[in-house]
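> fold the following, please.
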Amino acid sequence: MLNISFNTIYADNYNWTITLSNVDGSSFVFSGDQTVDFNQVINLQNVYQVGTVEFSVTPVSSMYSCTGTTVNIGGGDLDHPAIQVNPVPQIDLPFTAPIEVCTGSTIQVTANSSFVGLEGFSYQWTADLTGVTTTEPISGVIGSDGNVSLPVEVINSNQQGSVIFHFTPFAVGAESCAGSEETVTVLVNPDPVGLLLAQNATYEICSGEAIATSGFHISLQSNAISGTVAHWQAQDIYNVTGADVTVEYQTSTLPADIMDILETVNSNEQGYVIYKFWTTLGDCMGEYQYVTIYVNPLPEPELEDSAICVEQIGGTVFQITHLNAGDFSGGNYQFRWYKVDASGDILVATVNNNSVLEIAEPGDYYVIVSNLNTSCTAVSNTVTVYETVPANSITTTVTDAFSDSATVTIMITGGSNGEYLYQLDEGALQDSNIFSGVSAGEHLITVVDTQGCTFLQETVTVIDYPKYFTPNGDGIHDTWNIVGLN
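Coordinates of the predicted model:
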């Protein structure tokens with residue numbers, strides 16, 4: 001509010017005019033006489049710059065009809081300078097919403113302003129500390145281009161602290177023009193507490209299992225501050241798939257589990273994954289912690305179909321079979337053998353460190369193999385044990401007799417579920433029942449089956465005759481006989 005009055009000598013009237021610079025004149029009265037009081041509110045057009053108000057006043061004597069000398073307030077008159085209208089200082093703070101810093105750091109707050117025409121601005125500041133200590137003063141005055149630097153430490157390492165800064169700007173040379181107080185809040189976080197990780201414990205899982213089955217879980221210590229986030233990442237991997245060293249995980253919902261499904265690459269060797277863990281609270285990070293998850297390979301049992309041998313009449317078993325789960329030598333294993341049954345699978349036998357089982361009954365079988373050292377278990381494939389009745393006789397047919405290339409065809413009678421192999425003399429076994437290019441004379445035919453139930457032999461004679469003879473007494477081709485006849 002600008003309120004101006006004039007005193008005159010020998011004058012009972014006066015006239016006045018007003019000139020504005022950077023002052024809002026939308027509601028101003030720019031001229032008047034003694035009947036019009038100059039009592040008006042001053043508002044700057046540009047609130048960042050100084051404004052001026054200039055007056056011209058002329059005294060008048062109505063008694064003598066005389067006009068006095070005009071007095072200018074402003075307009076370059078050094079004796080009567082213009083009225084200066086100072087802007088109310090304002091603060092441009094770097095942030096308004098609360099920010100977070102870590103204990104042991106230094107808070108930096110810079111106050112800026114953009115005012116023209118004044119000698120400068122200063123800021124009076126104070127800091128209210130809660131749960132925080134500092135080695136520096138908590139109040140002072142800074143210039144318009146200055147900043148507050150306040151190192152802080154939380155008092156309680158398990159509790160968040162805060163600093164509330166109060167800034168009040170004022171103009172240098174116009175201290176009565178003080179701006180509004182502005183406040184900013186800085187939250188001071190302690191170093192995040194670590195996770196509840198038993199780093200010296202041994203965590204083991206079986207190949208293909210989730211890590212949670214080892215009993216390992218991610219949880220915060222009881223004194224953790226709300227908002228603490230847990231992070232983890234695979235750091236080192238050996239003989240394992242299912243983990244990725246390039247991916248970082250995080251969660252604030254705890255306790256939590258690592259969802260990686262780990263499998264061994266080499267089924268004969270233990271693998272491992274080393275995980276790195278840390279916590280954050282805002283931008284504050286806790287110390288690294290490490291846990292190793294060991295991954296034990298699964299047993300790999302593999303069975304093959306087999307057969308028992310039974311008599312055709314009466315069905316008496318005369319030869320049992322063996323199911324072999326594989327090579328498990330050098331380990332400590334338990335084998336639980338089952339026979340499939342519609343009313344529920346039947347446990348046939350439980351044996352340790354022997355992967356072979358005698359079977360005397362037909363049916364479908366499987367085995368569950370457990371590593372007694374690692375508790376890792378695997379189920380084999382299901383196989384069938386058949387009843388095989390042996391063949392009981394052989395019939396041979398010789399074609400192309402009296403030629404250089406006879407053919408012998410073998411037929412068997414009796415038997416079931418057998419896969420037969422045929423042998424001529426001491427030659428190799430073959431699955432074809434036909435032998436070609438058989439020479440003249442007696443030959444031994446042998447028939448077996450792959451189940452070991454059939455073993456038959458029979459002699460076959462191939463007849464031939466010489467194409468010529470030379471009875472000249474030299475002992476070579478002197479006689480002629482049909483080969484293969486007695």
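> what's the neighbour count on residue 143?
When neighbours are defined as other C-beta atoms under 10 Å, residue 143 has 12 of them. For glycine as for every other residue, the C-beta is placed from the backbone atoms N, C-alpha and C.
> count the neighbours of the closest residue to it other than its chain neighbours for me.
Using C-beta to C-beta, 6 or more residues apart in numbering and skipping the chain neighbours, the partner closest in space to residue 143 is residue 122 (5.7 Å). Neighbour count for residue 122, taken as other C-beta under 10 Å: 19.
> what bridges to residue 122?
Beta-bridge pairing for residue 122 (DSSP bridges): residue 143, residue 170.
> what does residue 164 give?
Counting by DSSP bridges, residue 164 is bridged to residue 128, residue 185.
> OK, contacts around it?
Applying C-beta atoms under 8 Å, 6 or more residues apart in numbering, one finds that residue 164 lies in contact with 127-128, 130, 183-186.
> try it again at 6 Å.
128, 183, 185 (C-beta atoms under 6 Å, 6 or more residues apart in numbering).
> out of those, which is nearest to residue 408?
Closest to residue 408 out of the contacts of residue 164 is residue 185 (104.7 Å), distances taken as C-beta to C-beta.
> report the separation between the closest one and residue 101.
To residue 101, residue 185 is 11 Å away according to C-beta to C-beta, to the nearest Å.
> those two: who's more crowded?
Neighbour count, other C-beta under 10 Å: between residue 185 and residue 101, residue 101 has more, with 19 against 15.
> that one: what secondary structure?
strand (DSSP: H, G, I helix; E, B strand; the rest coil).
> dump the residue contacts of it.
Counting by C-beta under 6 Å, 6+ apart, residue 101 has contacts 107, 186, 188.
> for the second one, give its distance to residue 98.
In other words, residue 186. From residue 186 to residue 98 the distance is 7 Å (C-beta to C-beta).
> what of the last one?
As judged by C-beta to C-beta, residue 188 and residue 98 stand 11 Å apart.
> between the two, who's got more neighbours?
Neighbour count, other C-beta under 10 Å: between residue 188 and residue 98, residue 188 has more, with 28 against 11.
> from residue 281, how far out is the closest residue to the more buried one other than its chain neighbours?
Distances taken as C-beta to C-beta, 6+ apart place residue 161 nearest to residue 188, at 4.3 Å, with adjacent residues excluded. Note on residue 161: its distance to residue 281, by C-beta to C-beta, is 12 Å.
> check residue 64 too.
Taking C-beta to C-beta as the measure, residue 64 falls 86 Å from residue 281.
> equivalent analysis for residue 334, please.
As judged by C-beta to C-beta, residue 334 and residue 281 stand 49 Å apart.
> more neighbours, those two?
Legend: neighbour count by other C-beta under 10 Å for residue 334 and residue 281, higher for residue 281 (22 against 16).
> in this structure that one contacts residue 230, no?
No. With contact defined as C-beta atoms under 6 Å, residue 281 does not count as touching residue 230 (10.9 Å).
> ok, what's across the strand from residue 413?
residue 393.
> meant to ask about residue 232
Beta-bridge pairing for residue 232 (DSSP bridges): residue 249, residue 277.
> now for it, how many residues are close by?
With other C-beta under 10 Å as criterion, residue 232 counts 22.
> got a list of what it touches?
So residue 232 contacts 249, 275, 277 (C-beta under 6 Å, 6+ apart).
> and for residue 390?
Residue 390 sits next to 415, 453-454 when contact means C-beta under 6 Å, 6+ apart.
> kindly recompute the last result at 8 Å.
Residue 390 touches 309, 312, 414-415, 418, 449, 453-455, counting by C-beta under 8 Å, 6+ apart.
> what is the end-to-end distance of stretch 316-325?
For stretch 316-325, the first and last residues are 27 Å from each other (C-alpha to C-alpha, to the nearest Å).
> which positions in it come out as buried?
321, 323, 325 (16 or more other C-beta atoms under 10 Å).
> equivalent analysis for stretch 212-219, please.
214, 216, 218.
> wait, the last one touches residue 195, no?
It refers to residue 218. Yes. Counting by C-beta atoms under 8 Å, residue 218 touches residue 195, with 5.9 Å between them.
> what's the overlap in contacts for the two?
Common neighbours of residue 218 and residue 195 (C-beta under 8 Å, 6+ apart) are 230, 277.
> distance of the residue of the chain positioned farthest from its centre relative to residue 440?
Within the chain, residue 64 marks the point farthest from the mean C-alpha position, 100.1 Å out by C-alpha atoms, centre = their mean. Remark: distance between residue 64 and residue 440 (C-beta to C-beta) = 174 Å.
> equivalent analysis for residue 265, please.
Look at residue 265 and residue 440: by C-beta to C-beta, they are 61 Å apart.
> and residue 149, by the same measure?
Residue 149 is 116 Å from residue 440, by C-beta to C-beta.
> who's more crowded, those two?
For residue 149 versus residue 440, neighbours defined as other C-beta under 10 Å are more numerous around residue 440 (19 against 11).
> residues near residue 32, how many?
Residues contacting residue 32 under the criterion other C-beta under 10 Å number 14.
> what does residue 236 give?
Residues lying near residue 236 (other C-beta under 10 Å) number 13.
> how about it, what does it touch?
245, 272-274.
> which helix or strand contains it?
Using DSSP states H and E, residue 236 falls within strand 229-238.
> circling back to that earlier point, what is in contact with residue 161 and residue 281 at once?
The contact sets of residue 161 and residue 281 overlap at residue 190 (C-beta under 8 Å, 6+ apart).
> helix or strand next in line after the helix or strand bottoming out on mean pLDDT in the chain, which one?
Counting by mean pLDDT, DSSP states H and E, the weakest-scoring helix or strand in the chain turns out to be strand 2-4, with a mean of 59. Later in the chain than strand 2-4, the nearest helix or strand by DSSP H and E is strand 13-21.
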